[in-house]
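Enquirer: A structural model of the following input is requested.
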Amino acid sequence: MVGGIIDRRSPLPYYAQLKQLLIVRLETGMEPGSRLPGEMTLCEEYGVSRTVVRQALDELEAEGRIVRRKGQGTFAAARKTDETLFQSLTGLYEDVQ
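Expert: Residues are numbered from 1 along each chain as shown. Sure thing, here's the model as predicted:
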């Protein structure tokens, strides 16, 4: 299996485990805009139900890590710029001025 397995003995719910596995997958092996496998493929790949996959994807979408487009699929979202970095660069620009 790609990206890990679901631990059936863990007290952590399956959807939470799947979410963590997908986060690792998004951060290590996928460029923004890359398409994720479909729900059924994820079900087969991780051995979980479609409900588990949907709940994990719902949470990732709410966090802005993925973008879902009806009829097109699920895609890795663009990585967000760290706001503290942006603020420090803005401060540096003002200091230089």
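
Enquirer: low pLDDT regions in the chain?
Expert: Across the chain, the ranges flagged by pLDDT under 70 are 1-3, 80-97.

Enquirer: go again using 50 as the cut-off
Expert: Along the chain, the parts satisfying pLDDT under 50 run over 1-2.

Enquirer: so where do the helices sit in it?
Expert: Under the criterion DSSP state H, the chain contains helices at 14-29, 39-46, 50-62, 83-96.

Enquirer: quick one: closest of these to residue 76.
Expert: Across those, residue 76 has its closest neighbour in helix 14-29 (5.3 Å, Cβ to Cβ). Just so you know, the C-beta spots here come from the backbone N, C-alpha and C atoms, and that holds for glycine as well.

Enquirer: got the buried residues for stretch 23-34?
Expert: For stretch 23-34, the neighbour count (16 or more other Cβ atoms under 10 Å) marks 23, 25, 26 as buried.

Enquirer: wait, the last one touches residue 65, no?
Expert: Yes: proximity of residue 26 to residue 65 meets the contact threshold set by Cβ atoms under 8 Å, at 5.9 Å.

Enquirer: got any residues that touch both of those two?
Expert: residue 76 (Cβ atoms under 8 Å, 6 or more residues apart in numbering).

Enquirer: that older thread, out of the buried residues of stretch 23-34, flag the one nearest to residue 73.
Expert: residue 26 (14.3 Å).

Enquirer: for the closest one, what are its contacts?
Expert: 60, 65, 66, 76.

Enquirer: mind listing what the second one touches?
Expert: Residue 65 makes contact with 23, 26, 76, 77, according to Cβ under 8 Å, 6+ apart.

Enquirer: what's the closest non-adjacent residue to residue 64?
Expert: Computed as Cβ to Cβ, 6 or more residues apart in numbering, the closest residue to residue 64 that is not its neighbour in sequence is residue 77, at 5.6 Å.

Enquirer: now do the contacts for that neighbour.
Expert: Residues near residue 77 by Cβ under 8 Å, 6+ apart: 32, 64, 65, 66, 67.

Enquirer: can you do 6 Å?
Expert: 64, 65, 66, 67 (Cβ atoms under 6 Å, 6 or more residues apart in numbering).

Enquirer: ok, now residue 48?
Expert: For residue 48, the contacting residues are residue 14, by Cβ under 6 Å, 6+ apart.
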